[in-house]
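Peer 1: Okay, predicted coordinates and the sequence, questions at the end:
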Amino acid sequence: MDGHLFIAQGDITQLAAHAIACSTSTGLAGKGSMFSSFRDNIPGFTEWFQGLGPGRAGRTHVGETFWMPLRPDARPHGVVAVVAAGRPASAEDKAATAARVAIDEAVARLRRDLKLEGRLLIALPAFRSGKGGDRDHQVRSARVQIAGARTALARHAGVDAAFIAYTPSLYRVFLEARRDLLGESSPAPSIPADLERALIGGECVLFAGAGLSRGAGLPDWDALIARMARELGLEAHEKLDHLDLAQWYREKFGRAGLARLIGEVFADPAFSPRPTLAHYLAMSLPANFVITTNYDDLLERTLSALKRYPVAVVAQEDIAGTGRADGVHVIKLHGDAACPDGVVLCRDDYDEFFERRPAMALLLEGLMLNRTFLFLGYGLRDPNFRQIFGRVGRMLRKAKRPAFATSFEPAGDAGPFVAEQWRRRGLELIGLPGATDEERERMLLIWLDRLADRVASATARLPLAPDAAVTGHLVRLRTLLLEVGEEVGGLCNRAGTGSLGEAEVGPVADILELLSNQGWRPTGPSASTLSGLWEGLATAADDDKLRRRMLVAALRFAEGSDEASRVRESLARLEVPGSGPPTEDLATEADPPGY
């Protein structure tokens, strides 16, 4: 089997896979917790799905598939709806059947109808994870789905699959199931121990370059330069200094002309590329600071798809908010396409960057002295990388902290000399093998996948999940913690009635966080969702900082896209001065049954 089985977390409808799958029932009922996300993010999905029902509802069978073709020039190329719930039961496990047939149908359509010959990526949801499915048997369900996907991949050359789990606990369940079934393969290249420790300890800063966005279809630095050269009547080539070319463009067309170009290339609403699997894997790493020289908003959109709370840091005045611990700070060193007048692109901009933005420079220096940096998506010859690292390298030697960078550049016999040259400057290169850019990009995905798995496996293995196997002293401890969970759940449900005192809210939040991170969730047909408990507790917080922390937790544990949207609206209101506590719609009811 040459296919790789990835595990990632987030909203599957936002991912730039070749095809994505959704789950339904024999009655073709669109009641799953993710259906609203398909409705909102896949053009025409609602009308297409509703058109399946007349004359067919109730006469479908588990394992039947339906294909919705999308634009052939964008990703995803299509959606495959899989019947994964209902009666009669199939001879094979329903969840395993769903994973297997989803891959088979997607590959057949992409190869046969669209004539795609390259390597394919098929994205699968965590089938049957809602209240109408295997909710209380998630570990077993994940194992059979991985086994079913592996069976399908063995039949198809040049195909990878990725399970996209919507919640953190499901993500960890699928990781553990993959380790149990497939083992923990040693990736090439290896994962540096210092980098792994920094991520586990929350001491890593991600530095994301344009290479991370390449698979999304956005133009890279060379494509932008080529367009500027054409409009200047020049021919772009290696001997033409790119920074000088950008400078000439601004001098000829003015700042307004350069702003127009940046807006057209990176912020055109008619062209909205989706985050790649590399984005999903990288942004799932436990880093609260992400620095980028990219102008696009793919990092913020990825974090939103992962239900992490992005806080953009673009202007000097934004630096003051980086002390908050309730979100992921996306520091856009070179500006944002949404505000193209302030982008850094020309020779003068680079030369005067740190002088014009002293607060940004101080923030960068402070992080460099206290954190471990991981550069992703940069070429060693990239002017963005060289300009930043020219300043950073001196600090690295002073701080004596390691920094790491993935490298796509095949160095051949010169490889050891290049690695030693950068090591002396405080940077350890992680070379990604492969004969082509496509092979090296895939190796980056595999490496990120294993890195995320290793970091996640260093945390607890969800002993409070409903079907988690525990032995020895953990049995009694689990029973006691489940009783604590029921008590905490009741307190959260009643929090808005004034039953919790002001001094009790914080400690209850701490206990709920402990339980949430160990896989606990409310049980019973009328129980609130875990996200709903966090929302309810937020109504009792009288401090904006504490309330924001609880809503960010509610967002993280949301089990459906409607629930996540509701929490985002509450967070947005909280950012408006004087808006007061968002109590009017902090629902605690359970979501409708899903499939």
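Peer 2: Okay, I see it.
Peer 1: Return the distance of the strand or helix carrying Val80 from the chain's centre.
Peer 2: For Val80, the host element (DSSP states H and E) is strand 78-85. The chain centroid and the centroid of strand 78-85 are separated by 23 Å, computed with Cα atoms, centre = their mean, to the nearest Å.
Peer 1: Stretch 343-358 now?
Peer 2: 30 Å.
Peer 1: What of stretch 156-166?
Peer 2: On Cα atoms, centre = their mean, the centre of stretch 156-166 falls 16 Å from the chain's centre.
Peer 1: in it, what counts as buried?
Peer 2: Across stretch 156-166, burial judged by 16 or more other Cβ atoms under 10 Å covers 156, 159-166. For glycine as for every other residue, the C-beta is placed from the backbone atoms N, C-alpha and C.
Peer 1: list the helices and strands the next helix-or-strand element following the strand holding Val80 packs on?
Peer 2: With elements assigned by DSSP H and E, the helix or strand that comes after strand 78-85 is helix 94-108. In terms of contacts (3 or more Cβ pairs under 8 Å, 6 or more residues apart in numbering; DSSP states H and E), helix 94-108 is packed against strand 19-25, strand 65-69, strand 78-85, strand 120-125, helix 138-153, strand 159-165.
Peer 1: quick one: which of those is nearest Leu530?
Peer 2: Evaluated over the helices and strands packed on helix 94-108, closeness to Leu530 peaks at helix 138-153, with 13.6 Å, by Cβ to Cβ.
Peer 1: Taking strand 120-125 as reference, get the angle to the closest one.
Peer 2: Put simply, helix 138-153 runs at 160 degrees to strand 120-125, going by axes from the mean of the first three to the mean of the last three Cα atoms, to 10 degrees.
Peer 1: Buried ones in helix 138-153, by neighbour count?
Peer 2: Buried residues in helix 138-153, counted by 16+ other Cβ under 10 Å: 138-139, 141-153.
Peer 1: What residue spans form the domains of the protein?
Peer 2: 5-182, 196-216+274-457, 473-574 (automatic domain parsing).
Peer 1: Let me see the contact set for Leu444.
Peer 2: Contact analysis of Leu444 by Cβ atoms under 8 Å, 6 or more residues apart in numbering lists 278, 376, 406, 408, 432.
Peer 1: try it again with 6 Å
Peer 2: 406, 432 (Cβ atoms under 6 Å, 6 or more residues apart in numbering).
Peer 1: buried set for the helix or strand where it lies?
Peer 2: Taking DSSP H and E as the criterion, Leu444 maps to helix 437-457. By neighbour count with 16+ other Cβ under 10 Å, helix 437-457 contains the buried residues 440-456.
Peer 1: what mean pLDDT does that helix have?
Peer 2: Mean pLDDT, helix 437-457: 91.
Peer 1: which one among the buried residues of helix 138-153 gets closest to Phe417?
Peer 2: Distance to Phe417, by Cβ to Cβ, is smallest for Leu153 among these, at 39.2 Å.
Peer 1: Now do that closest one against Gly32, distance only.
Peer 2: Distance of Leu153 to Gly32, computed by Cβ to Cβ, to the nearest Å: 25 Å.
Peer 1: that older thread, please identify which of the helices and strands packed on helix 94-108 is closest to Ile511.
Peer 2: Of all the helices and strands packed on helix 94-108, helix 138-153 sits nearest to Ile511, with 23.0 Å by Cβ to Cβ.
Peer 1: how far does that closest one sit from the chain's center?
Peer 2: The answer for helix 138-153 is 22 Å, by Cα atoms, centre = their mean.
Peer 1: Phi, psi for the residue nearest the centre of the chain please.
Peer 2: When Cα atoms, centre = their mean is applied to the chain, the residue found nearest the centroid is Tyr280 (3.1 Å). When read as degrees, to the nearest 10, the backbone of Tyr280 gives phi -60, psi -50.
Peer 1: wouldn't it be in contact with Phe6 here?
Peer 2: No. Applying Cβ atoms under 6 Å, one finds Tyr280 not in contact with Phe6, separated by 8.9 Å.
Peer 1: export stretch 489-501 as CSV, just CAs?
Peer 2: What follows is stretch 489-501, C-alpha atoms only, in CSV (Å, rounded to 0.1, in the frame of the first residue of the first chain):
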residue,chain,number,x,y,z
GLY,A,489,-22.5,19.6,34.6
GLY,A,490,-25.4,20.4,36.8
LEU,A,491,-23.6,23.5,38.1
CYS,A,492,-22.9,24.7,34.6
ASN,A,493,-26.5,24.2,33.5
ARG,A,494,-27.7,26.3,36.5
ALA,A,495,-24.9,28.9,36.2
GLY,A,496,-27.1,31.5,34.5
THR,A,497,-29.6,31.4,37.4
GLY,A,498,-27.2,32.9,39.9
SER,A,499,-26.6,29.6,41.7
LEU,A,500,-22.8,30.0,41.4
GLY,A,501,-21.1,32.6,43.5
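Peer 1: Go through that stretch and flag the buried ones.
Peer 2: 489, 491-493, 495-496, 500.
Peer 1: again with stretch 334-346
Peer 2: Quick answer for stretch 334-346 (16+ other Cβ under 10 Å): 334-337, 339-340, 342-346.
Peer 1: Now do that stretch: distance from first to last residue.
Peer 2: 11 Å (Cα to Cα, to the nearest Å).
Peer 1: just stretch 193-207 next, same as before
Peer 2: End-to-end distance for stretch 193-207, by Cα to Cα: 19 Å.
Peer 1: quick one, helices of the stretch 151-300 of the chain?
Peer 2: For the stretch 151-300 of the chain, the helices defined by DSSP state H, counting those that start in this stretch occupy 168-182, 193-200, 221-232, 242-266, 277-283, 298-305.
Peer 1: which stretch among those helices comes nearest Trp48?
Peer 2: Using Cβ to Cβ, the helices of the stretch 151-300 of the chain put helix 298-305 closest to Trp48, at 22.2 Å.
Peer 1: Can you tell me what sits against the closest one?
Peer 2: Contacts with helix 298-305, where a contact means Cβ under 6 Å, 6+ apart, come from 10-11, 14, 213, 275, 279, 283, 290, 292, 310, 328, 330.
Peer 1: and which of those is nearest Lys131?
Peer 2: Asp11 (19.0 Å).
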